[in-house]
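# Predicted structure and sequence below. I'll ask about it afterward.
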Amino acid sequence: MKIGLITFHNALNYGAVLQAYATQKYLNDRGHECIIIDYTNESREKAYDMKAQTLHKIKRKDYKSALKMAAGSFFMKRREINFDKFTSKHIVKTKFKYNGINELNELNKEFDYFIIGSDQVWNPKHNGEDMSYLLEFVDDKTKTVSYASSFGASEIPEHLIQSYKDNLNNIKYLSTREELGVNLIKRLTGREAELVLDPVFLLNAEQWREVANESKQNNHRSIFVYTNRKNQFENMVKTAGLSLDGYKIHKINRYLGPIDLINPNVKVDYYITPQKFLKNIDSAELVATASFHCVAFSILLHKQFVVFLTGDYGKDERIINLLKIAGLINRIYSEDMTKEDIFKIIDYSEVDNRLSEYVEKSKSFLNNIF
């Protein structure tokens, strides 16, 4: 079966590229020919264009943010180079790059099926309000599949509701990775979407370690910190009374400061390869994160971890939903957490038992279609 996959494969985001790899590998390992459609639009192009982001901030007279964007351009360019190395080795894309829904029309005669998903492909803030990410360009709607597509929001803007209704109704096989998505689809269309796990769970820990082992092992005790707000990890260390003696802190955070760059106990890993991202998780004695996919890989690789939420239910629900399934709600950070709470050993035999039903259900969703 020849399958065209549309997703955020070209985002300079670790979770985005690794979930794309997982979907493609799972299907290809089962004898299919899954090819990622090298599609983008103006909104997606600008998402990681630091020059465009800097100019946007200057136009809004937000000079402080513009300065940070300009300073971060070096790190983002290095990350782009490392991501290109990963995708050239591990991901198969169409020969041509497509930049608009009209260009995608020519693919109708090339593929037996089209898949959209996973990641926040249905979040209007991320997809540029582009209905290509709801497979509007596909002529034969019996060929359309959504796998674990995520909204990343609790509501659809009013001006897009009808377009979302029409296109969701036209997708033949419909699934999402969160209860919020199931409920939102029900409200918009009356349809019952399947609840499945993110594509990274289609592969097992050994398969992910094969990728991680392309990177060198950390030869020191480490904590991996991947957060999205200022001082999240530092505040946890303070309130829980953690000692960092003997640890190297591997850190990814958009709010890195000069002290992070000069602290000998901190390793800034903002532009590491996806392989090194996985290796950092697998090597760490503790993972502290606000990232959905970092949580997912921590669970897959049986790591001790703590999760920071944003307080925005639309953004947090994807993490909360996964933690509920795994029975790990107690891994959400709160200010009354002690160091004993943080390092309380997770019973991964119980977690694996809880997840196994959902993993098999997720695989069956795809296997029954193809």
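Received it, and whenever you're ready, just let me know what you need. Residues are numbered from 1 along each chain as shown.

# and the gap between residue 2 and residue 115?
According to CB to CB, to the nearest Å, residue 2 stands 12 Å off from residue 115. Every C-beta, even on glycine, is put in place using the N, C-alpha and C of the backbone.

# which one of those two has more residues nearby?
Taking other CB atoms under 10 Å, residue 2 and residue 115 do not tie; residue 115 has more neighbours (29 against 11).

# part of a helix, is the more buried one?
No. Using DSSP: H, G, I helix; E, B strand; the rest coil, the secondary structure at residue 115 is strand, not a helix.

# Can you tell me how far it is from residue 147?
Using CB to CB, residue 115 is found at 6 Å from residue 147.

# In contact with residue 201: list those residues for me.
Shown in contact with residue 201 (CB atoms under 8 Å, 6 or more residues apart in numbering): 296, 300, 355, 358, 359, 362.

# Just the buried residues of these.
296, 300, 355, 358, 362 (16 or more other CB atoms under 10 Å).

# out of everything not next to it in sequence, what's closest to the last one?
The one in question is residue 362. Leaving aside its sequence neighbours, residue 362 sits nearest to residue 196 (CB to CB, 6 or more residues apart in numbering; 4.0 Å).

# I'd guessed that neighbour sits against residue 174; true?
No. Taking contacts as CB atoms under 8 Å, residue 196 lies outside contact range of residue 174: 10.4 Å.

# Now the top helix by length along the chain: buried residues?
For the chain, the helix with the greatest residue count under DSSP state H is helix 63-90. Judged by neighbour count (16+ other CB under 10 Å), helix 63-90 contains these buried residues: 66, 68-70, 72, 75-76, 79, 82-83, 86-87, 90.

# what does stretch 294-303 give?
Neighbour counts over stretch 294-303 (16+ other CB under 10 Å) mark 294, 295, 296, 297, 298, 299, 300, 301, 303 as buried.

# now the helices: where do they sit in the stretch 1-150 of the chain?
Taking DSSP state H, counting those that start in this stretch as the test, the helices found in the stretch 1-150 of the chain are 14-28, 42-47, 50-59, 63-90, 101-104, 124-127.

# Buried residues in the helix or strand hosting residue 180, which are they?
Assigned by DSSP states H and E, residue 180 belongs to helix 179-189. Within helix 179-189, the residues that qualify as buried are 180, 181, 182, 184, 185, 188, 189, counting by 16+ other CB under 10 Å.

# Which residues does the helix or strand just after it contact?
Sequence order places strand 194-195 as the next helix or strand after helix 179-189, per DSSP H and E. Contacts of strand 194-195 with the rest of the structure, by CB under 8 Å, 6+ apart, involve 174, 175, 176, 177, 178, 179, 181, 182, 358, 361, 365.

# Do you know the pLDDT at the residue nearest to residue 362?
Note for residue 196: predicted pLDDT of 97.

# so what's it up against?
Applying CB under 8 Å, 6+ apart to residue 196 gives the contacts 147, 148, 175, 176, 177, 358, 361, 362, 365.

# Can I get the buried ones among those as something I can paste into PyMOL?
A single PyMOL command selects the buried members of those (16+ other CB under 10 Å):
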select buried, resi 147+148+175+176+177+358+362+365
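
# quick one: which of the contacts of residue 196 is nearest to residue 17?
Taking CB to CB as the measure, residue 17 lies nearest residue 148 of these, at 15.4 Å.

# Appreciated, that's everything.
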